[in-house]
Each structure stands twice: as C-alpha cells, then as structure tokens.
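Student: model the following, please.
(one chain, ligands or ions: 1)
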Amino acid sequence: MKNVASIWESLQNKVDRMIEQIGDKSPHFAPPDTGVYDDMRLDWWTAGFWPGILWIMYDMTGKKRYKEAAWEWDIKIERKSLEDNNFHHDVGFQYLPTAVIKYKLTGDQDGRRRGLSAANFLAGRFNLAGGFLRAWNQEKTGWSIIDTAMNLSILFWAAGESGDPRFAHIGKAHADTIVKHFIRGDGSVRHIVCFDLGTGEVVETRGGQGAGPDSAWSRGTAWALHGLANTYRYTGDQSYLEASQRVAHYFLAMLPEDYVAHWDFRAAETLEGEPRDTSAAACAASGLLELSAALPAAQGRAYREATGRILQSLTENYGTLDRPKHEAILLSGTGNKPAGSNVNVSLIYGDYFYIEAIAKLNGWKHRIF
Ligand code: GLY
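Tutor: Presented below is the predicted three-dimensional model:
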C-alpha cells in the first residue's frame, strides 16, 4: 500500500482533534451530516474502541496525552459493572482494548485484575453440552453468535496470564463450535446459531444482523476471519488457520470493484445500491494482516496486498482525513440494517479496526485482540 507512513501521520493529527471533540463521551456512531459522535452507555459492546485507539496511539508514539486520555476507561467500565447493567459475552470487546492493553503497556495491576475478572465472567457463560459461549442475556439462553470469535482472545490471554488452562480449553471449545456450526462449506458465515440448552443440539439458525438465516452478513464474516486468525496465533492449531483462510477467500471473492464490502454479501440478487459497511472492511483488513503474518512470506503476500487495496479505498473513498470537523475517521458503516438502525453512519469500531490495520502496517507489535 502507498503512503502508509503519511496516513499514519494524518491519523495522529486526526486523533489529537478527536480527543478534544469526543471528550468524556463513549462514542458509538456519528451521522454523516454532522459527524458528531453520540455518547453511548458504558455497558454497550462498543465502549472499548475509542480507548483502544488511544492505547494504540500511545504504544506507537509514546506520547503522554494518549495515555492520559485512555487511562480512566477501564475504571469507568468496571464501575458500570457494579451497577444495574447488561454486560454479556462482549466483555472481550470492552476489556481487551482497555484493561488488558493498559496492563500490557504500563504494568497496571488493576488493569490485570479487571481483565482476569472479565475473562472469568466470559468463561462462566460456557455451555458444556453444546460447547458454546452464550452470547446475550434475558431469554436468549441458547443463542450463540459469530461476534464471540473476537472475544475469545481474552480467554487465551487469561490462560497465559493466570497459568490456568481452563480459559484456553473453553476458548478452543467455542472456536471448534464456530468451525463446525457457523462457517459454511463455501466460507460464508452464519450470524446466530441457537442450541438446545440441555442436549447441545442445534435448534435453528437466525439471520440476526444479516439479511436472513442463509445470508452472509459481512461484518460477521470479518469477525470470523479476524477472530479465528487470532485464535490460531494463540493456539497454533492449524484448523483455525484453515477456517480463517476459507472465510477470507469468501470475503475477498465477494468484494465489489472498490474493495469495500456491502453490508451483507447476499442481501439481494444484485448488491447495486445496497449500503456498504466500512467497519466490516476495516476489521477484515486487519484480520488479513494476521493471516499474512501466520503464513510463509510467499503465501502471506496475497493477503497483505488485499489489505492494502481495502485500506487504500477506505482512505480515499470513505475517509474523513480532510474533514477536521468530522469526529469519526470512516464514513458509510452499517450497524444493524434489519433493525433499521445506524445505516450509512460512522461507527467507532470501523475507526478502531482501520487504525489497528494501519498501525500493523507501520510496525505495531503488540496486539489487543
Ligand atoms: N457485535 C455487534 C455487531 O457487530 O454489530
């Protein structure tokens, strides 16, 4: 990819402005006209992404202002966990880019404690009969979703940090379930699989944030691609690498001319006019770099080149680097099209994975997921 170093420079200026604009808000989405981020509740799954951006910036530059802006977030999220709340399997998304990376970069023992406590909470959602982690709360007791692929990293981190392999056993068992029940033969991915709580049998599959039970939600595809590549990095188990590659090949084959995914690869007969999802593109781009790093150079090159094409298009066609008043980095994300919410907006997780991928291309060595 051309200009990765200069894009990185522009991103620093952008994030410096975002620190002023965002202040104490927990950003989630921003409409395209105003470009002003909302302030979401702290138990929402996206609470970790803005601090994650700040910690990557701190790690890459050593500048104190990023550390100072990031410092309080795991404290605030933990405080929310002591009140009435709706935390669920997404504690990985919330604590890996806050408490865990804070501990890795600064040695903060409270960050370590919070990270281990989140891993315990996630491990406690494991259903032994079905070999899956329960996703959401309330009546959705047997529901498992592909997004959990990204949360597994907190279990593998906790296994290494605590010396207790049970966390990794659970992470691997869930990853095996993803490979068996979520990834179809052609590499497309289901969003929701519902299991019988007692027997562990599959009861039904659901469309969720995708167009339908047989569709191919692009962000879910990206969660599987990136999540299973991470799982391979932690476990060295070849089956996860192969599964991630299978998903990557499907994802890449389905891209339109400008390399930025539509919200669902099977939304309609023709995808002309269907909304894009830049967050899926950014997450997949970063996951492809994990695949590239996992393989011998000659094999990995194709994934790295694909990442370059996606990031180039995101920067040139969907970026806001030339719009200082816009608080986000990417336009044209799709949150939940079937629910009619957050279509054609900026999404903080799109911004996060874009920065994560650009940082990797600029030599970033630590990993959050
Ligand atoms: N984890 C929820 C989403 O991808 O929208």
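Student: next, the contact list for the closest residue to the ligand within the stretch 1-150 of the chain, please.
Tutor: Closest approach of the stretch 1-150 of the chain to the ligand (CB to the nearest ligand atom) occurs at residue 147, with a separation of 3.9 Å. Heads up, the C-betas are built off the backbone N, CA and C, glycines and all. Each residue near residue 147 by CB atoms under 8 Å, 6 or more residues apart in numbering is listed here: 45, 89, 90, 135, 220, 223.
Student: filter the residues you listed by proximity to the ligand?
Tutor: Restricting the contacts of residue 147 to those near the ligand by CB under 6 Å from any ligand atom leaves residue 45.
Student: sec struct for residue 137, please.
Tutor: Three-state assignment for residue 137 (DSSP: H, G, I helix; E, B strand; the rest coil): coil.
Student: for the nearest residue to residue 1 once chain neighbours are set aside, which three-state class applies?
Tutor: Nearest non-adjacent residue to residue 1, counting by CB to CB, 6 or more residues apart in numbering: residue 308, 3.2 Å away. Classification of residue 308 using three-state DSSP returns helix.
Student: do the same with the one 5 residues further on
Tutor: Of the three states, residue 313 takes helix under three-state DSSP.
Student: what of residue 279?
Tutor: Look at residue 279: counting by three-state DSSP, its state is helix.
Student: neighbours of it, just the number please.
Tutor: Number of residues near residue 279 (other CB atoms under 10 Å) recorded here: 29.
Student: residue 185 too?
Tutor: Look at residue 185: counted by other CB under 10 Å, it has 6 neighbours.
Student: tell me the secondary structure for the nearest residue to residue 234 once chain neighbours are set aside?
Tutor: Leaving aside its sequence neighbours, residue 234 sits nearest to residue 156 (CB to CB, 6+ apart; 3.7 Å). At residue 156, secondary structure determined by three-state DSSP is helix.
Student: is residue 156 in contact with residue 236, as I believe?
Tutor: No. If you go by CB atoms under 8 Å, residue 156 and residue 236 don't touch, sitting 11.1 Å apart.
Student: dihedrals phi and psi, residue 126?
Tutor: The phi and psi values for residue 126, taken as degrees, to the nearest 10, are phi -80, psi 130.
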